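Pasting the sequence and the predicted model now:
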Amino acid sequence: MHPPLTPFPVLDEIGHEPWEWPLPGFISLHVVVPRCDSEQPCLIETLAGTTTEGQIVRIDPGQRTVRFRMSADGPPLALPFDRFRRLTLTTPLTAVPRPIGVPVWRVPAAEEERAYRLTTPAGGPPLAGITLGHVETEHGLFLFTPVNEDRSVQRAFVPRSAYTQAEFGPTAVDTAAERWIASPSELVAALERQSHMPVLPLGDSLLQLGLLTRGQLSRALAARDDRRPLGERLVSEGLLSAADLQTALAHKMGYPIVDLTRFPVDPAAARRLPMARVAELRALPLMWHDGRLVVAVDRLSRVNRLREHRAQLQLDFLPCLASQRQIQLAFAALVKQDLWSPNERVPHGVFNTTL
């Protein structure tokens, strides 16, 4: 007689995965996130505007309640979402440990930091602040307040019942991009002004490029005990990449910057430089002007390489600046248009190196 078979477990008895606090992708890849089913210190702001400190035990989105303790040894209380207007986890998220010599990861504040303003029901005072990214769900709005000079964030939750409208301001990149060149006529005028432009302070160039927020620049300039050049300090602290610094140094010398998300690339001009040369020189042809090919590069070293190849290619170049990411995207779009010879193949790993 065969022994009885072990039955399969009943799936309904396995239980559900614990609810996870939503995070923007750029944060979730770089920080240590505590389990959401562990108790954490929190601050709850009531509808009347008063605040209460305690320990959050659990968030139950299905029941639209928060369970928390007023004190470490107090009983857990159930607070419905519609009884408070903001909950903040007061322990900041910390960066994933880095190897020695690697800068501490920072939130990309220039791309993500925005002011927000939430309109509250019945004409109450608005909720306002600064957030580094946000996630909105059916349950409400999850915000991420910068702390520790943009090295960390505090997580906050505003229930859907606590606001009727959410407004977000521009980031430093958005503000900078409004000044970037978007038309051929603007670019021609900027190139003609280039020789007469004064050399910008590095800080002004960084702001115009959207590489830093004003707060980050102010803190860096206030650190008078550090005698290193500003650019070197910003790179060592992880606020800038070495490539970004090179772009800023080129911009401070007067090279105009182009917004390739809006600028209409001239296909005839693009064909003047073979696809393999575009990839090799990391230079994107934009237009033909006054017998010269206007090309976008992302740093000053690219300009020197263009000069070295001028005789070989029998082309004279007028360089301007664009972000590396925008150059990559614009090049990919041109490849899809079959502008170059069908015999030319996209080089492997195009634009991936930093030469």
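Looks like it came in fine.

how about the strands in the stretch 201-350 of the chain?
Using DSSP state E, counting those that start in this stretch, the strands of the stretch 201-350 of the chain run over 284-289, 292-297, 317-321.

Report the inter-axis angle for the second one versus strand 317-321.
Going back to what we said before, that points to strand 292-297. Compare the direction of strand 292-297 with that of strand 317-321 by axes from the mean of the first three to the mean of the last three C-alpha atoms, to 10 degrees and you get 30 degrees.

Can you list the helices and strands that strand 292-297 packs against?
strand 284-289, helix 300-313, strand 317-321, helix 324-336 (3 or more C-beta pairs under 8 Å, 6 or more residues apart in numbering; DSSP states H and E). Every residue, glycine included, has its C-beta placed from N, CA and C.

Which residue ranges make up the domains of this structure?
23-169, 179-195+255-355, 198-253 (automatic domain parsing).

Including mean pLDDT and mean neighbour count, could these go into CSV?
As requested, the domains of the chain are exported to CSV (pLDDT from 0 to 100; neighbours: other C-beta atoms under 10 Å):
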stretch, mean pLDDT, mean neighbour count
domain 23-169, 88, 16
domain 179-195+255-355, 84, 17
domain 198-253, 87, 17
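
mind giving me CSV with the strands of the stretch 201-350 of the chain and columns for distance to Ala270?
Output for the strands of the stretch 201-350 of the chain, formatted as CSV (distance: least, C-beta to C-beta, whole Å):
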stretch, distance to Ala270
strand 284-289, 5
strand 292-297, 9
strand 317-321, 14
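
which one of these lies closest to Gln194?
strand 317-321 (8.9 Å; C-beta to C-beta).

what helices or strands is that closest one leaning on?
Partner elements for strand 317-321 (3+ C-beta pairs under 8 Å, 6+ apart): helix 184-193, helix 242-252, strand 292-297, helix 300-313.

Please convert these to JSON lines, extending it with distance to Leu281.
Below are the helices and strands packed on strand 317-321 laid out as JSON lines (distance: least, C-beta to C-beta, whole Å):
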{"stretch": "helix 184-193", "distance to Leu281": "19"}
{"stretch": "helix 242-252", "distance to Leu281": "15"}
{"stretch": "strand 292-297", "distance to Leu281": "8"}
{"stretch": "helix 300-313", "distance to Leu281": "6"}
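
Can you say which of those is nearest to Glu53?
helix 242-252 (40.0 Å).

Just the angle for that closest one relative to strand 317-321, thanks.
Between helix 242-252 and strand 317-321, the angle comes out at 120 degrees (the same axes, to 10 degrees).

So which elements touch helix 242-252?
Short answer (3+ C-beta pairs under 8 Å, 6+ apart): helix 242-252 packs on helix 202-209, helix 230-236, helix 300-313, strand 317-321.

now the helices for the stretch 51-200 of the chain?
For the stretch 51-200 of the chain, applying DSSP state H, counting those that start in this stretch gives helices covering 109-112, 172-177, 184-193.

can you tell me which of the ones you listed comes nearest to Arg151?
With distances scored as C-beta to C-beta, the stretch of the helices of the stretch 51-200 of the chain nearest to Arg151 is helix 109-112 (10.2 Å).

list the helices and strands the closest one packs on?
With 3+ C-beta pairs under 8 Å, 6+ apart as the test, helix 109-112 has helix 172-177, helix 214-222 packed against it.

Format those as CSV; extra columns: distance to Arg325.
As requested, those are exported to CSV (distance: least, C-beta to C-beta, whole Å):
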stretch, distance to Arg325
helix 172-177, 11
helix 214-222, 20
